[in-house]
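Q: what would the 3D arrangement of this be:
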Amino acid sequence: MEEKLIELETKFSYQEDLLSDLNEIVAKQQRQLDELVTEISGIKQQLQDAAERGPAEGHEEQDEKPPHY
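A: Modelled structure (predicted):
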């Protein structure tokens, strides 16, 4: 009976460590996701701003055929 109790306590200890490690991993991944969402929002805003400005000076419209046609 004593051996079973020690075995259960050992397993419980490993599970606590594993749970702590997994919690740290999930927290880190959430921080990374938050950073990526912020970065994507910035890129999306840059694209919207560029689309509103239209084609850059010196650049032809994309629908226009190149000179070799």
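
Q: off-centre distance for stretch 35-52?
A: Distance of stretch 35-52 from the chain centroid (Cα atoms, centre = their mean, to the nearest Å) equals 15 Å.

Q: got the CA positions of it in CSV?
A: What follows is stretch 35-52, C-alpha atoms only, in CSV (Å, rounded to 0.1, in the frame of the first residue of the first chain):
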residue,chain,number,x,y,z
GLU,A,35,2.1,40.4,-31.4
LEU,A,36,1.2,38.9,-34.8
VAL,A,37,-2.3,40.3,-34.7
THR,A,38,-0.8,43.8,-34.0
GLU,A,39,1.7,43.4,-36.8
ILE,A,40,-1.0,42.2,-39.3
SER,A,41,-3.2,45.1,-38.4
GLY,A,42,-0.4,47.5,-39.1
ILE,A,43,0.3,45.8,-42.5
LYS,A,44,-3.4,45.9,-43.3
GLN,A,45,-3.6,49.6,-42.6
GLN,A,46,-0.5,50.2,-44.8
LEU,A,47,-2.1,48.3,-47.6
GLN,A,48,-5.4,50.3,-47.2
ASP,A,49,-3.4,53.6,-47.2
ALA,A,50,-1.5,52.5,-50.3
ALA,A,51,-4.7,51.5,-52.1
GLU,A,52,-6.3,54.9,-51.3
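
Q: quick one: average confidence on that stretch?
A: Mean pLDDT, stretch 35-52: 96.

Q: what of stretch 10-18?
A: The model assigns stretch 10-18 a mean pLDDT of 97.

Q: how about that stretch: buried residues?
A: Neighbour-count burial for stretch 10-18 flags no residue at all (criterion: 16 or more other Cβ atoms under 10 Å). C-betas here are computed from N, CA, C, even on glycine.

Q: ok now it, how far from the chain's centre?
A: For stretch 10-18, the distance to the chain centre is 30 Å (Cα atoms, centre = their mean).

Q: what is the burial count for Gln45?
A: Close neighbours of Gln45, defined as other Cβ atoms under 10 Å, add up to 10.

Q: separation between it and Glu39?
A: Here Gln45 is placed at a distance of 11 Å from Glu39 (Cβ to Cβ, to the nearest Å).
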